[in-house]
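**Student:** missing the sequence, but the structure's below:
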């Protein structure tokens with residue numbers, strides 16, 4: 001009997017104001033899961049950047065497959081800005097996760113779930129996928145399953161690289177999240193100096209209204 005290969009899927013940059021959302025999938029032989037745990041693979045948010053980069057290489061070397069898709073700010077805006085229920089960010093993430101799961105083509109996949117109803121999230125993914133694995137959809141799966149932790153690291157390192165590229169081209173802007181004062185200042189200064197928004201900023205985010213009003217009180 002052949003050894004089981006399991007998959008994990010997670011995202012990075014979902015709530016960011018600047019840059020892409022990255023969805024990543026990892027498949028790995030079940031016998032190597034303990035190795036990942038021993039290597040201290042965990043939710044990317046709990047790791048330092050240099051540790052994430054080191055673990056990225058370990059994951060890539062030991063995985064059966066690593067696959068990544070990047071969702072641009074423009075594509076995110078199309079789903080969020082115009083307000084139909086199925087065009088919200090959760091559903092866009094479902095679409096990308098379905099693509100990742102098709103590429104992984106494994107029998108069991110663990111996914112980190114943003115939906116308040118994990119079973120619904122799994123059902124939505126399956127409805128868009130040509131493959132029909134068993135999907136374990138849970139909140140905090142990136143902390144509870146090492147294969148999802150691995151996917152979270154791949155997604156986060158990939159996004160960090162894109163953020164670094166943008167910063168080198170346009171200047172430092174912090175983390176890219178609306179809770180970061182450096183990000184807020186960068187976007188407001190851009191609007192004031194150029195009168196528009198760059199294509200790497202998500203124009204559908206509500207935090208832009210605060211930035212345009214030139215008040216920092218709520219940040």
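**Tutor:** Received it, and whenever you're ready, just let me know what you need. Fair warning: this is a prediction, and the values are worked out from it, not measured in the lab. Residues are numbered from 1 along each chain as shown.

**Student:** after the host helix or strand of residue 50, next one along is what?
**Tutor:** Using DSSP states H and E, residue 50 sits in helix 49-62. Using DSSP H and E, the helix or strand that follows helix 49-62 towards the C-terminus is strand 65-71.

**Student:** who does that next one touch, helix- and strand-wise?
**Tutor:** Secondary-structure packing of strand 65-71 (3 or more Cβ pairs under 8 Å, 6 or more residues apart in numbering; DSSP states H and E): strand 21-29, helix 89-104, helix 146-170. For the C-beta atoms, the positions are set from N, CA and C on the backbone; glycine is no exception.

**Student:** Can you tell me which of those is most buried?
**Tutor:** Most buried of these, by mean neighbour count (mean count of other Cβ atoms under 10 Å): strand 21-29, with a mean of 26.

**Student:** what's the next helix or strand after that one in contact with?
**Tutor:** Downstream of strand 21-29, the first helix or strand assigned by DSSP H and E is helix 33-38. Helix 33-38 has contacts (Cβ atoms under 8 Å, 6 or more residues apart in numbering) with 6, 28, 58, 59, 62, 146, 147, 149, 150.

**Student:** What residues of helix 33-38 count as buried?
**Tutor:** By neighbour count with 16 or more other Cβ atoms under 10 Å, helix 33-38 contains the buried residues 33, 36.

**Student:** average pLDDT across it?
**Tutor:** Taken as a whole, helix 33-38 carries a mean pLDDT of 95.

**Student:** Just give me how far it sits from the chain centre.
**Tutor:** On the basis of Cα atoms, centre = their mean, to the nearest Å, helix 33-38 sits 22 Å off its chain's mean C-alpha point.

**Student:** same question, stretch 88-96
**Tutor:** Centroid separation for stretch 88-96 versus its chain: 11 Å, with Cα atoms, centre = their mean.

**Student:** For residue 105, give its distance to residue 25.
**Tutor:** For residue 105, the distance to residue 25 (Cβ to Cβ, to the nearest Å) stands at 10 Å.

**Student:** Report the residue ranges of every domain in the chain.
**Tutor:** Domain assignment for the chain, taken from automatic domain parsing, gives 5-166, 169-212.

**Student:** Most tightly packed of these?
**Tutor:** Comparing these by mean neighbour count (mean count of other Cβ under 10 Å), domain 5-166 ranks first with a mean of 19.

**Student:** per-residue confidence for residue 218?
**Tutor:** 44.

**Student:** Likewise for residue 84?
**Tutor:** Listed pLDDT for residue 84 reads 52.

**Student:** before we move on, the earlier item: could you quantify the relative orientation of the helix holding residue 50 and helix 146-170 as an angle?
**Tutor:** 120 degrees (axes from the mean of the first three to the mean of the last three Cα atoms, to 10 degrees).

**Student:** From the chain's centroid, how far away is helix 49-62?
**Tutor:** Worked out by Cα atoms, centre = their mean, helix 49-62 lies 17 Å from the chain centre.

**Student:** Do me a favour and average the pLDDT over that helix.
**Tutor:** Mean pLDDT, helix 49-62: 97.

**Student:** so what does that helix touch, helix or strand wise?
**Tutor:** helix 33-38, helix 146-170.

**Student:** So which of the ones you listed is nearest residue 75?
**Tutor:** helix 146-170 (14.1 Å; Cβ to Cβ).

**Student:** Please state the offset of the closest one from the chain centre?
**Tutor:** In terms of Cα atoms, centre = their mean, the centre of helix 146-170 is found 9 Å from the chain centre.

**Student:** Many thanks, have a good one.
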